[in-house]
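# Here's my sequence, what's the structure:
(one chain, ligands or ions: 1)
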Amino acid sequence: ARGLADLPPVQADSLLALIALCDADPRPEKIDVGVGVFRDAVGNTPILKVMKEAERRLVDTQRSKSYLGSSGDKRFAELIRPILLGNEHAHDERIAGLQTPGGCGALRLGFELIATVNPQARVFVGTPTWPNHPPIIKAVGLPIVEYGYYDRQSRHVLFDEMMASLNTAEAGDVVLLHGCCHNPTGADLTHEQWREVTHLVAARGLLPLVDIAYQGFGRGLDDDAHGLRGILAACDEVIVAQSCDKNFSVYRDRVGSLFVKTGTVETTKTAMGHVFQRAREMWSMPPDHGAAAVHIILEDPQLRADWLVELAAMRDRINAVRQRIASADPRLAFIGGQYGMFSMLPISREQVLTLREDGAIYMADSGRFNVVGIADSDIDRFIEAVVEVMD
Ligand code: PMP
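Down below sits the predicted model:
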């Protein structure tokens, strides 16, 4: 008989291992650009002022912590709906949503739903992608088909390769798309490319699953959802995994939602029945606190307006740092045309290690770095060190 002692060791998560390495480095000038959270000009990840206020109100007014049910805070999902779907789709009753434990929970639940209806569906995933995508897909047992999405050396989206790969997909196969602020490359599709992908997905009867974890961090809430809304306009069946963890800066509170669109109100109701059942099997119901605070912010006109200002400040810092790095050297110019917190430097693993050893600069082996991982006072040193190791 096998016991727990027979378990083989698991390969350590490389990003978590990187955090530990950086923590252990005694050099005071060290720079951590491996981490995946927003940092302000002095290197902190503060709680938004509106969030502090909403949490105070929550503590003052909450009268019960009784169960809410598998859909979590229903009003939260109603309030997220127009922000995510836009006015053009917010009233479409064929789209239903529920609160989930972060974007991760939404992704898992979305793939569970797909595996429930079509365990043979292949999931087309562009590489590189967020390292947690493949494990989530594998966990539900769906096969993955990879295609090259981005070339680090040429700094371009491999759009022809993407289209060629998606052209081999069959009706019912799934296409995982990053809604905006591609992680780990920062390289988003242009509007024209979204149009072409959307046309292909609709024409071939593929099922798009749009993962949108950084809405508002790129060009603005509406622009960042442009691709998603085009997909919704063209396709009868769409799954959307959304996260508030970045744009409300509540990472550990785990706030997200899943939206499902099918061809009719009736089939959406049935699909949501399965969604609730899968959610009950996994987490029964999502944690309340973060979503309840987001709910308070979005319900109150003043807090909502204040949130938009704080969100814009995060976005402006991301884009300002991008421009500063991009203008420092022609080889870094590509960073200015990308969106979100991440970019991938066209450098080798050895060069990444040189930066770590000689410069105390910690980034993923892939060359992915968080543009707002750097405090303002460190940006020049960061740029100098990177330019020095580049070919
Ligand atoms: N999708 C992508 C592309 C992400 O980068 C992340 C977070 N790193 C998520 C989903 C999940 O976010 P959450 O913390 O809300 O689970």
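# Would you indicate which residues of stretch 152-161 are buried?
152, 155, 157-159 (16 or more other C-beta atoms under 10 Å). The C-beta positions use only the backbone N, C-alpha and C, and glycine is treated the same way.
# With stretch 352-366 instead?
Buried residues in stretch 352-366, counted by 16+ other C-beta under 10 Å: 352, 354-356, 359-366.
# Could you restrict those to the ones contacting the ligand?
Among these, no residue lies close to the ligand (C-beta under 6 Å from any ligand atom).
# before we move on, back to that, for Lys65, state which of the buried residues of stretch 152-161 is nearest.
For the buried residues of stretch 152-161, the minimum distance to Lys65 (C-beta to C-beta) is 46.3 Å, reached by Val157.
# Could you find the closest non-adjacent residue to the closest one?
Spatial nearest neighbour of Val157, excluding adjacent residues (C-beta to C-beta, 6 or more residues apart in numbering): Ala187 at 5.0 Å.
# Ok, Gly336 next?
Sequence neighbours aside, Ala326 is the residue nearest to Gly336 in space, at 3.0 Å (criterion: C-beta to C-beta, 6+ apart).
# I'd like the distance from stretch 7-17 to the chain centre, please.
Taking C-alpha atoms, centre = their mean, to the nearest Å, one finds the center of stretch 7-17 at 22 Å from the center of the full chain.
# mean confidence score for that stretch?
Mean pLDDT, stretch 7-17: 86.
# go on, stretch 53-65?
Averaged across stretch 53-65, pLDDT comes to 97.
# cool, and stretch 133-140?
Per-residue pLDDT over stretch 133-140 has a mean of 98.
# thinking again about what came up before, quick one: neighbours of the residue nearest to Gly336, just the number.
A total of 18 residues lie near Ala326 under the criterion other C-beta atoms under 10 Å.
# pLDDT score for it?
According to the prediction, Ala326 has pLDDT 97.
# what's the answer for Lys30, then?
For Lys30, the pLDDT comes out at 95.
# now it, nearest residue through space, not along the chain?
According to C-beta to C-beta, 6+ apart, the nearest residue to Lys30 is Ala360 (3.9 Å).
# same deal with Val389?
Gln351 (4.4 Å).
# and what of Val42?
Once flanking residues are discounted, Val42 sits nearest to Ala375: 5.5 Å by C-beta to C-beta, 6+ apart.
# For the ligand, see how far away that neighbour is.
In this view, Ala375 and the ligand are 21 Å apart by C-beta to the nearest ligand atom, to the nearest Å.
# how about that residue, what does it touch?
39, 41-43 (C-beta atoms under 8 Å, 6 or more residues apart in numbering).
# of those, buried ones?
Using 16+ other C-beta under 10 Å, the buried members of these are Arg39.
# from the contacts of Ala375, which is closest to Gly110?
Out of the contacts of Ala375, the member with the shortest distance to Gly110 (by C-beta to C-beta) is Arg39, at 29.4 Å.
# Which of the three states applies to that closest one?
Secondary structure, DSSP: H, G, I helix; E, B strand; the rest coil: Arg39 is coil.
# pretty sure it is in contact with Val33, am I right?
No: Arg39 lies out of contact with Val33 (C-beta atoms under 8 Å); the separation is 9.5 Å.
# Quick check: neighbours shared by the two?
Contact criterion C-beta under 8 Å, 6+ apart; residues shared by Arg39 and Val33: 370, 373-374.
# Could I get these in TSV, plus columns for neighbour count and pLDDT?
TSV is the format used below for the shared contacts of Arg39 and Val33 (neighbours: other C-beta atoms under 10 Å; pLDDT from 0 to 100):
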residue	neighbour count	pLDDT
Asn370	24	98
Gly373	24	96
Ile374	24	95
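# which of those lies closest to Leu298?
Looking at those and their distance to Leu298, the nearest is Asn370, at 27.0 Å (C-beta to C-beta).
# my read: the residue nearest to Val157 touches Phe159, true?
No: applying C-beta under 8 Å as the test, Ala187 and Phe159 come out as separate, 10.1 Å apart.
# sorry, back to before: among the contacts of Ala375, which one lies nearest to the ligand?
Nearest to the ligand, judged by C-beta to the nearest ligand atom, of those is Arg39 at 14.6 Å.
# and the nearest residue to that closest one once chain neighbours are set aside, what is it in contact with?
Closest residue to Arg39 apart from its sequence neighbours, by C-beta to C-beta, 6+ apart: Val372 at 5.1 Å. By C-beta under 8 Å, 6+ apart, Val372 lies in contact with 38-40, 317-318, 321, 341.
# rerun that using 10 Å as the cut-off
33, 35, 37-41, 43, 45, 217, 314, 317-322, 340-342 (C-beta atoms under 10 Å, 6 or more residues apart in numbering).
# same thing with Arg252?
With contact taken as C-beta under 10 Å, 6+ apart, Arg252 is in contact with 37, 102, 245, 290.
# how far away is Cys180 from Glu266?
For Cys180, the distance to Glu266 equals 32 Å [C-beta to C-beta, to the nearest Å].
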